[in-house]
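Peer 1: Have a look at this fold, sequence not included:
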Ligand code: ASC
């Protein structure tokens with residue numbers, strides 16, 4: 001019985017992001033903005049180290065990169081049809097050029113996964129390089145799909 005419950009819970013946790021349901025478009029918008037906000041906060045902490053603004057701390061970099069990698073998976077289930085208006089800077093191109101948007105999202109997820117690997121390795125130069133590439137992947141998507 002216990003095992004059945006554990007199996008069900010694990011299955012649910014895997015299925016949740018893809019099946020995320022939102023009552024209203026505003027809920028989806030809030031959710032994805034929250035995910036990006038948390039991701040950016042932790043990404044920025046690695047950025048501060050990369051830029052020499054705060055001392056390099058390998059354990060902190062690794063912890064932050066892990067959170068970034070996890071958060072990076074969350075926002076995209078909240079870009080459903082009908083969520084392009086309201087309190088959002090999302091451009092209509094997200095829905096008219098979905099393949100390009102999805103590719104940009106996948107690229108970002110790939111780069112933050114690399115950042116996570118680098119951060120676990122603890123080498124400052126490798127982290128800096130991976131951070132730069134990840135930042136470029138954020139910027140690339142913003143340039144095409146986010147209003148100023
Ligand atoms: C950040 C952050 C972003 C990206 C982007 C990179 O730290 O919050 O959205 O980096 O600015 O160009």
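Peer 2: Looks like it arrived, so ask away. Note that the structure is a prediction, hence the values are computed from the model and not measured.

Peer 1: which ones are touching residue 61?
Peer 2: Counting by CB atoms under 8 Å, 6 or more residues apart in numbering, residue 61 makes contact with 46, 49, 119, 122, 127. (C-beta placed from N, C-alpha, C; glycine too.)

Peer 1: contacting residues around the residue nearest the centre of the chain?
Peer 2: Per CA atoms, centre = their mean, the C-alpha nearest to the average position across the chain is that of residue 72, at 2.0 Å. The contact partners of residue 72, by CB under 8 Å, 6+ apart, come to 39, 108, 109, 112, 113.

Peer 1: Residue 36 is in contact with residue 75, isn't it?
Peer 2: Yes. Counting by CB atoms under 8 Å, residue 36 touches residue 75, with 5.7 Å between them.

Peer 1: I'd like to know which elements the one helix or strand residue 125 maps to is packed against.
Peer 2: For residue 125, the host element (DSSP states H and E) is helix 124-145. Judged by 3 or more CB pairs under 8 Å, 6 or more residues apart in numbering; DSSP states H and E, the packing partners of helix 124-145 are helix 25-50, helix 58-71, helix 93-96, helix 98-121.
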